[in-house]
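> pasted the sequence and its predicted model underneath.
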Amino acid sequence: MKNKLEPIWDFDEVKNCSLMGYMKYSLNELESCFGTPHNKIDGTVDDDGKVQYEWWFDIDGTTVTIYDYKEYRDVPEDEPILWHIGGKDYGAVLAIGSLGFEKAVTRPEYMERLENAYGHKESEKGWEKA
């Protein structure tokens, strides 16, 4: 069966995930697809307060996390924001895309778009003029 999405409730299964990509949607849009964020259901709290909303899934055998990062504000539920897509490899972004989230892009694709749009690129020192 294609696109089988199963929630992950054991946080240990997602500990080794890292940032793989981004997508821009509103909280309402994501909640309508995925339900209440998992960290709001199970009470998992981000110790440093950098993440307010997070979902953890297995999509066809691929571990995927979706989370806001450093919003530090009450985001209106209908305001699209940049969500982070975490996983063990770029397959996480492809898995989200397979669910119909065509705005999902890998981190390198996103950085290339920024460079093309603004003439700056990311380096070891931060953002510099291209």
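Received it, and whenever you're ready, just let me know what you need. Numbers count the residues shown, from 1 in each chain.
> and the helices in the chain, which stretches?
Remark: helices of the chain, listed N- to C-terminal, are 27-34, 38-42, 91-98, 107-118; assignment by DSSP state H.
> so what's the residue nearest to Arg113 when sequence neighbours are not counted up against?
Closest residue to Arg113 in three dimensions, ignoring its sequence neighbours and counting by Cβ to Cβ, 6 or more residues apart in numbering: Val105, at 7.4 Å. To be clear about C-beta, it is placed using only N, CA and C from the backbone, and glycine gets the same treatment. Val105 sits next to Gly21, Tyr22, Met23, Val93, Arg113 when contact means Cβ atoms under 8 Å, 6 or more residues apart in numbering.
> show me what Val105 is bridged to.
For Val105, the beta-bridge partners are Tyr22 (DSSP bridges).
> so what pLDDT did it get?
Turning to Val105, the model gives it a pLDDT of 93.
> what's the answer for the one 5 residues further on, then?
At Tyr110 the predicted local distance difference test score is 90.
> same question for Pro7.
With respect to pLDDT, Pro7 scores 89.
> so it makes contact with His38?
Yes: with the criterion set as Cβ atoms under 8 Å, Pro7 and His38 qualify as a contacting pair; they are 6.4 Å apart.
> joint contacts of the two?
Counting by Cβ under 8 Å, 6+ apart, the residues touching both Pro7 and His38 are Trp55, Trp56.
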